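Visitor: would you be able to build a 3D model of this:
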Amino acid sequence: MNKNRTGRRFNFARCLTALLLACAVGKLSAEEARLEVVTLESRALKNNALHDPATRLVPIFLPAQATNGARLPVVYYLPGYGNSSDKFVANSNVWLKFTQKFADEVTPVMLVIADGKTRWGGSQYLNSPAQGDYADFVCDEVVRAVEARHPIATNGVRRIIGGHSSGGFGALRLGSARQKLFDAVIALSPDSDFPTSHLPLVKVASVAHTPLADIKKMVAGELPPPKNFDLGYALGLSAAYAPRGWPHRGEIEWLYDARGNFRERIWRRWLDNDPLTVVQKNPRAFSPQQNIYLEGAAQDQFAANIGARKMYEVLQTRPARCTFYEPPGQHSDHVRERLQRGLEWVFEKPLTDIP
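Guide: This is a model prediction of the structure:
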């Protein structure tokens, strides 16, 4: 739920430029961290209902220690809503420094960025007939493509799934669904506790008062995606949480009927996707062998810290290694430092204080 208001379609010219930049950075940083970019032709996203590109860039940030067949743990990182992997490539210098600094000061890891962007802005990294199979894309295709190039650690913490905001939501959901695949989860200000975080957003006038006929036209592609962020965000979440089903591929169940009445039945479908609900209802939501790092900024304007804290309180009663941290700042402040702190906790290293 990184509230990036661009919401634009992919631009392949940007991707090509980013790829060329990645190659240049890789050459310049040969003695330090380096960047490899895999161009992945996704079968999971092929012919998706939103007609979003099935070709995605998968950046792999490698520390200098990733040489001579070294097997390193890998962090699969899920960007927040509205972000895509090409932005990480374009800002590669920042992430190269992050990767090398962590390798030198804590432990070497590979950092991989998975791309879940859609026409609406984000997929929440879930499979849905209204958007595409993004969970399969991340867990099967991205993991396979990366580890075919770089065999990973064979013991201890091998794979970490992490993310911020909507990416934190995705990390929790995928970490829960694929417990044998991911040894640890790092959820930074994750979307959760929907009555606290999501409900106020879908009650705003731009969402609640948009005619159902217009919603249907937007979903069908007869009208362009809305410029209003809140409405576009609600459409993206609906595609993830409330698809009509495979017989109605590409269609969603909207939260409001033709008279503008809130539909409690559809809201319950949203709640079924809430990581807090999942943890509360399922005592085996996470494996006792997994490491679960939950956090949320103390002044989070979307109240993501509240849901993260509630999940921690539930998991505390179970045989799982988990923790909760509430750094200062707002939703998107100091994300890299927060990611580093989560990784330090996973690897049982001294923890960095967040400024």
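
Visitor: give me the domain ranges for this structure.
Guide: For the chain, automatic domain parsing gives the domain ranges 12-192+288-346, 196-272.

Visitor: mean neighbour count for those domains - can I get that in TSV?
Guide: (C-beta placed from N, C-alpha, C; glycine too.) Converted to TSV, the domains of the chain look like this (neighbours: other C-beta atoms under 10 Å):
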stretch	mean neighbour count
domain 12-192+288-346	21
domain 196-272	17
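
Visitor: between these, which one is nearest to residue 278?
Guide: domain 12-192+288-346 (6.2 Å; C-beta to C-beta).

Visitor: now do that closest one: distance to the chain's middle.
Guide: Centre-to-centre, domain 12-192+288-346 and its host chain are 7 Å apart (C-alpha atoms, centre = their mean, to the nearest Å).

Visitor: now it: average pLDDT?
Guide: Averaging pLDDT along domain 12-192+288-346 gives 93.

Visitor: wait, isn't residue 191 in contact with residue 171?
Guide: No. Using C-beta atoms under 8 Å as the test, residue 191 is too far from residue 171 to be in contact (10.5 Å).

Visitor: dump the domains of the chain into CSV; add distance to residue 280 as well.
Guide: Below are the domains of the chain laid out as CSV (distance: least, C-beta to C-beta, whole Å):
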stretch, distance to residue 280
domain 12-192+288-346, 6
domain 196-272, 10
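
Visitor: backbone phi and psi for residue 90, please?
Guide: The phi/psi pair for residue 90 (degrees, to the nearest 10) reads phi -60, psi -30.

Visitor: any idea how far it is from residue 48?
Guide: 24 Å (C-beta to C-beta, to the nearest Å).

Visitor: over to residue 152?
Guide: Applying C-beta to C-beta, the value for residue 152 to residue 48 is 28 Å.

Visitor: break down the stretch 151-300 of the chain into its strands, ranges please.
Guide: For the stretch 151-300 of the chain, strands defined by DSSP state E, counting those that start in this stretch occupy the ranges 159-164, 184-188, 291-295.

Visitor: would TSV of these with distance to residue 343 be doable?
Guide: Output for the strands of the stretch 151-300 of the chain, formatted as TSV (distance: least, C-beta to C-beta, whole Å):
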stretch	distance to residue 343
strand 159-164	7
strand 184-188	7
strand 291-295	8
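
Visitor: closest to residue 118 out of those?
Guide: Between residue 118 and the strands of the stretch 151-300 of the chain, the shortest gap by C-beta to C-beta is with strand 159-164, which sits at 15.7 Å.

Visitor: list the contacts of the closest one.
Guide: 2, 73-80, 109, 125, 143, 152, 168-171, 174-175, 178, 181-190, 332, 335, 338-339, 342-343, 346 (C-beta atoms under 8 Å, 6 or more residues apart in numbering).

Visitor: likewise stretch 293-302?
Guide: When contacts are defined by C-beta under 8 Å, 6+ apart, stretch 293-302 is touched by residues 1, 3, 165, 184-190, 197, 201, 304-309, 311-312, 315, 322-331, 333, 338, 341-342, 345-346.

Visitor: for the closest residue to residue 277 other than its chain neighbours, give its distance to residue 292.
Guide: Sequence neighbours aside, residue 271 is the residue nearest to residue 277 in space, at 5.4 Å (criterion: C-beta to C-beta, 6 or more residues apart in numbering). According to C-beta to C-beta, residue 271 and residue 292 sit 21 Å apart.

Visitor: same deal with residue 88?
Guide: Counting by C-beta to C-beta, the gap from residue 88 to residue 292 is 24 Å.

Visitor: next: residue 160.
Guide: Counting by C-beta to C-beta, the gap from residue 160 to residue 292 is 11 Å.

Visitor: okay, and the common contacts of these two?
Guide: In contact with both residue 160 and residue 292: 184-185, using C-beta under 8 Å, 6+ apart.

Visitor: so where do the helices sit in the stretch 151-300 of the chain?
Guide: 166-177, 194-197, 199-202, 205-208, 212-220, 229-241, 264-272, 275-281 (DSSP state H, counting those that start in this stretch).

Visitor: could you dump these into TSV with distance to residue 247 added?
Guide: Shown next, in TSV, are those (distance: least, C-beta to C-beta, whole Å):
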stretch	distance to residue 247
helix 166-177	24
helix 194-197	27
helix 199-202	26
helix 205-208	26
helix 212-220	15
helix 229-241	16
helix 264-272	17
helix 275-281	26
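
Visitor: and of the ones you listed, who's closest to residue 254?
Guide: That would be helix 212-220 among the helices of the stretch 151-300 of the chain, by C-beta to C-beta, at 5.1 Å.

Visitor: tell me the angle of that closest one relative to helix 229-241?
Guide: Put simply, helix 212-220 runs at 70 degrees to helix 229-241, going by axes from the mean of the first three to the mean of the last three C-alpha atoms, to 10 degrees.

Visitor: what's helix 212-220 in contact with?
Guide: Contacts with helix 212-220, where a contact means C-beta under 8 Å, 6+ apart, come from 130, 223-226, 235, 250-252, 254, 256-258.
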